[in-house]
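Asker: Kindly return the folded structure for what I paste below:
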Amino acid sequence: MLAVPALVLWLVLPKQAHSWDSAGKVLVLGGALGNLYDRVAYEAVRDFIDVHLFGWDYPVFNVADAALVVGIVILLVRSWRDRKKPEAAA
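Answerer: Numbers count the residues shown, from 1 in each chain. All right, here's what the predicted structure looks like:
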């Protein structure tokens, strides 16, 4: 329950240099809110997407889980790319 207010605060903090940062934060927030809604409304998170591909049975997930994963990947890639950029000489 504490994750949602923390994510909202993180989203509105002023250092948003790139639109991908905002997209990643919104996806993480949306995924957290989706799972929180399921917890409050149904007392459990409803997972309904079950993928079987090439003999591999992937873990069951829902749209909120997918949004969380995609948002986190976006934020990690942006963070990694920002670290690789050389600092401007002052």
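Asker: name the helices or strands packed onto the longest helix seen in the chain?
Answerer: Of all the segments of type helix in the chain, defined by DSSP state H, the longest one is helix 19-42. With contacts taken as 3 or more C-beta pairs under 8 Å, 6 or more residues apart in numbering; DSSP states H and E, helix 19-42 sits against helix 3-12, helix 63-84. C-beta coordinates here come from the backbone N, C-alpha and C atoms, glycine included.
Asker: and it, how far out from the chain's middle?
Answerer: In terms of C-alpha atoms, centre = their mean, to the nearest Å, the centre of helix 19-42 is set 7 Å apart from its chain centre.
Asker: what's the following helix or strand after that helix?
Answerer: Next helix or strand after helix 19-42 toward the C-terminus (DSSP states H and E): strand 52-53.
Asker: any idea which helix or strand comes after that following strand?
Answerer: Criterion used, DSSP H and E; the element after strand 52-53 is strand 56-57.
Asker: How about the contacts made by residue 69?
Answerer: By C-beta atoms under 8 Å, 6 or more residues apart in numbering, the residues touching residue 69 are residue 31.
Asker: Compute the distance between it and residue 41, please.
Answerer: Applying C-beta to C-beta, to the nearest Å, the value for residue 69 to residue 41 is 22 Å.
Asker: between the helices and strands packed on helix 19-42, which has the poorest average model confidence?
Answerer: Note on the helices and strands packed on helix 19-42: lowest mean pLDDT is at helix 3-12, with a mean of 69.
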